[in-house]
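S.K.: give me a 3D structure for the following:
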Amino acid sequence: MSEKVMADTLLDVEGIETCYGLSQVLFGLSLSIKPGEMVSLMGRNGMGKTTTIRSIMGLTPARAGSIRFAGAEVRQFPSYRIAKLGVGLVPEGRQIFPNLTVRENLVAAAADRFNSANPWTLAAIYALFPRLAERASNMGNQLSGGEQQMLAIGRALMTNPKLLILDEATEGLAPLIREEIWNCLSMLKSRGQSILVVDKNVDHLARICDRHTIIERGKTVWSGTSDQLMAEPDLQHKYLGI
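M.R.: Numbering: from 1, shown residues only. Predicted coordinates:
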């Protein structure tokens with residue numbers, strides 16, 4: 001890969017292989033994200049989407065291949081080092097701290113390591129999600145599923161990440177809350193936030209993402225733009241079950 005391509009790419013995952021014990025899940029998977037881009041990762045359940053995110057984050061390290069973030073090879077980095085480089089994760093299942101208040105959840109990992117011109121602060125998160133301001137003193141386990149997802153997004157944004165990753169962004173949420181999350185992601189993209197999102201709603205993803213990567217049995221089987229994705233309904237039937 002040329003130095004120019006690497007410089008123009010925020011995240012470059014190339015040919016990674018990841019296992020859980022003796023069970024291999026990823027088989028040479030590749031994807032990339034440029035600064036300011038919003039990219040989706042799609043595929044049926046059990047095809048390796050969450051494992052891909054865990055590999056990027058160093059939670060389940062890839063045993064082969066390359067993961068470069070902001071110019072650094074991070075495949076063998078521990079998770080905390082990857083997070084410090086500027087990767088914010090909204091994990092599947094939200095995983096907020098149940099015994100901390102909303103405010104405490106938000107400030108627990110707050111940082112602005114890159115001296116952002118317009119950093120995310122507590123006030124900014126409350127403006128983005130007014131419901132969190134109303135519930136600021138409530139414990140995490142007292143929130144609804146939708147409020148917990150807002151809190152998980154807010155917590156990740158409080159790290160002022162270069163790349164925001166959302167695993168199952170709207171899964172299990174009420175329709176109105178889903179719309180709020182999609183509107184939030186559109187706003188973040190308009191701010192220039194780089195985003196990798198996993199979700200099943202192809203129409204919403206096609207509307208707001210720049211590019212898409214589809215995986216099947218741990219391999220990248222297709223990547224392209226929203227226009228290309230919507231122009232190939234057979235592709236959606238084959239790999240997404242739609």
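S.K.: how does the chain divide into domains?
M.R.: As given by automatic domain parsing, the domain ranges for the chain are 1-84+163-168+194-242, 87-161.
S.K.: can you say which of those is nearest to Ile177?
M.R.: Smallest distance to Ile177 across the domains of the chain (CB to CB): 3.4 Å, for domain 87-161. The C-beta positions use only the backbone N, C-alpha and C, and glycine is treated the same way.
S.K.: gap between the two ends of the closest one?
M.R.: End-to-end distance for domain 87-161, by CA to CA, to the nearest Å: 5 Å.
S.K.: quick one: that domain to chain centroid distance?
M.R.: How far domain 87-161 lies from its chain's middle: 15 Å, per CA atoms, centre = their mean, to the nearest Å.
S.K.: residues in contact with the nearest residue to Asp210 once chain neighbours are set aside?
M.R.: Nearest non-adjacent residue to Asp210, counting by CB to CB, 6 or more residues apart in numbering: Glu37, 4.8 Å away. Applying CB atoms under 8 Å, 6 or more residues apart in numbering to Glu37 gives the contacts 10, 194-195, 210-211.
S.K.: just Ser226 next, same as before
M.R.: 205-207, 209-212 are the contacts of Ser226 under CB under 8 Å, 6+ apart.
S.K.: gap between it and His237?
M.R.: From Ser226 across to His237, the span is 17 Å (CB to CB, to the nearest Å).
S.K.: could you do Ile67 as well?
M.R.: 31 Å.
S.K.: higher neighbour count, those two?
M.R.: Using other CB atoms under 10 Å as the criterion, Ile67 and His237 rank with Ile67 on top: 23 against 10.
S.K.: wait, the more buried one touches Arg54, no?
M.R.: No - assessed by CB atoms under 8 Å, Ile67 is found out of contact with Arg54, at 11.4 Å.
S.K.: using the three-state scheme, assign the nearest residue to Gly43 once chain neighbours are set aside.
M.R.: With CB to CB, 6+ apart as the measure, Ile215 is the residue that lies nearest to Gly43, at 4.3 Å, once sequence neighbours are left out. Counting by DSSP: H, G, I helix; E, B strand; the rest coil, the backbone at Ile215 sits in strand.
S.K.: residues contacting Ile215?
M.R.: 29, 41-43, 47-49, 52, 221.
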